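Novice: whatever this is, show me its structure:
(one chain, ligands or ions: 1)
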Amino acid sequence: MTEPSILLEIADRVATVTLHRPERLNAFDEAMHAQLAQALDRIELDRAIRAVLLTGAGRAFCAGQDLGERQIADPTLDLGATLDRLYNPLIRRLQRLERPVLCAVNGVAAGAGANLALACDIVLAARSASFIQAFCKLGLVPDSGGTFILPRLVGPARAMGLAMIGEPLPAEQAEAWGLIWRCVDDDRLMEEAHALAAHLATQPTRGLGLTKRALHASAGNGLDEQLDLERDLQREAGRTEDYQEGVAAFLGKRQPAFKGR
Ligand code: LHQ
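Specialist: From the prediction side, this is the model:
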């Protein structure tokens, strides 16, 4: 039997998804895309899952597209179709998933692997990890949302340098530049990532999902539209059981017990 290239473990309201092709630095082939899509189907349907943790097996997080799979001699080669069919739906799903998605970047994240990590809501990275916009080395354009997210996170000058020079950006510098949430010592990464995912899974999931929606929408909105959106989403958040619980716990001077509803 062939080994699965995605591992999905569900425990204590957290779904841990591990990219698992360590001998190829977890580069994406068709099978890995299909298995990741199946894992996300499962997560989307199971409302008991209240946080997602994405990481990689072995010494890398993900080396992007498996370059052995895209044959350059093929006259019908259409990388745009590959993005339409595989990468773009993946990035859209992660951004729209109304659960917090945490990424633990355990090693190098290159090409679409780097931008997959950056599409997650909160990114922790091991100190030895690095982020490489490897596309320029192949004559390609940063994809998987890279041209959208990089300038928004680090500003246009740094985004252009990362995309045109393609040098590895060490995790510490990624944190200093605001590309990621935090860089942690290698031997602490998974412990900290699991602890943060466990914490997020006890929080008001609906409110966090609406927060995610508001922050993503802000990239395309003016202040007026964003104020209107905040009004609409706050209306929705204010009707959740978790809001009632949050206020009751505050007034009762006790810890809240959120249910994600
Ligand atoms: C790999 C890969 C890999 C196959 C390492 N594929 N085997 C989207 C749509 C459609 C098509 C095109 O692309 C895209 C988006 C993209 O993602 S384009 C960008 C694709 N990724 C890259 O260009 C990164 C390529 N990899 C690297 O530059 C290096 O491997 C990094 C810097 C990630 C790690 O370097 P090292 O630590 O020195 O490891 P290594 O290079 O020795 O790799 C270990 C093995 O993994 C090696 O195989 P081998 O049989 O020699 O042990 C590599 O060939 C294999 N591998 N990345 N993307």
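Novice: so what's the residue count around the closest residue to Pro256 other than its chain neighbours?
Specialist: Once flanking residues are discounted, Pro256 sits nearest to Ala249: 3.6 Å by Cβ to Cβ, 6 or more residues apart in numbering. Where C-beta positions appear, they are placed from N, C-alpha and C, glycine not excepted. By other Cβ atoms under 10 Å, the residues close to Ala249 number 14.
Novice: tell me which residues in the helix or strand hosting Ala249 are buried?
Specialist: Element membership of Ala249, judged by DSSP states H and E, is helix 241-251. By neighbour count on 16 or more other Cβ atoms under 10 Å, the buried set for helix 241-251 is 242-243, 245-246.
Novice: which stretches of the protein have low pLDDT?
Specialist: Applying pLDDT under 70 to the chain flags residues 1, 71.
Novice: strands of the protein, start to end?
Specialist: 6-11, 14-19, 51-56, 60-62, 101-105, 108-110, 122-126, 130-132, 169-170, 182-184 (DSSP state E).
Novice: is the ligand within reach of the second one?
Specialist: No - applying Cβ under 6 Å from any ligand atom, one finds strand 14-19 separated from the ligand by no less than 12.2 Å.
Novice: residues from the stretch 101-250 of the chain in reach of the ligand?
Specialist: Counting by Cβ under 6 Å from any ligand atom, the stretch 101-250 of the chain comes close to the ligand at 108, 110-112, 132, 134-135, 138, 140, 143.
Novice: let's see 8 Å
Specialist: By Cβ under 8 Å from any ligand atom, the residues of the stretch 101-250 of the chain that approach the ligand are 108, 110-113, 132, 134-135, 137-138, 140, 143-144, 168.
Novice: may I see the PyMOL selection of the buried members of the residues you listed?
Specialist: In PyMOL, the members of these classed as buried (16+ other Cβ under 10 Å) are selected with the following command:
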select buried, resi 108+110+111+112+113+132+134+135+143+144+168
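Novice: just curious, which of the residues of the stretch 101-250 of the chain next to the ligand is nearest to the ligand?
Specialist: Ranked by distance to the ligand (Cβ to the nearest ligand atom), these are led by Gly111 at 2.5 Å.
Novice: and stretch 85-100, what's buried?
Specialist: Within stretch 85-100, the residues scored as buried using 16+ other Cβ under 10 Å are 86-87, 90-91, 93-95, 97, 99-100.
Novice: Arg47: neighbour count?
Specialist: Applying other Cβ under 10 Å, we find 12 residues neighbouring Arg47.
Novice: ok, it touching Gly260?
Specialist: Yes - using Cβ atoms under 8 Å, Arg47 is in contact with Gly260, at 7.2 Å.
Novice: check contacts around Leu102.
Specialist: By Cβ atoms under 8 Å, 6 or more residues apart in numbering, the contact set of Leu102 is 51-54, 120-124, 193, 196-197, 200.
Novice: for it, list each beta-bridge partner.
Specialist: Judged by DSSP bridges, the bridge partners of Leu102 are Leu53, Ile122.
Novice: follow-up on the earlier one: as a markdown table, the strands of the chain with distance to Ala37 would be great.
Specialist: Formatted as a markdown table, the strands of the chain follow (distance: least, Cβ to Cβ, whole Å):
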| stretch | distance to Ala37 |
| --- | --- |
| strand 6-11 | 9 |
| strand 14-19 | 11 |
| strand 51-56 | 14 |
| strand 60-62 | 15 |
| strand 101-105 | 15 |
| strand 108-110 | 20 |
| strand 122-126 | 21 |
| strand 130-132 | 24 |
| strand 169-170 | 29 |
| strand 182-184 | 29 |
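Novice: ok, back up a step: drop anything exposed from the contacts of Leu102.
Specialist: Among the contacts of Leu102, those classed as buried by neighbour count (16+ other Cβ under 10 Å) are 51-54, 120-124, 193, 196-197, 200.
Novice: returning to that earlier point: go through the buried residues of stretch 85-100 and say which is closest to the ligand.
Specialist: Tyr87 (5.8 Å).
Novice: good, wrapping up.
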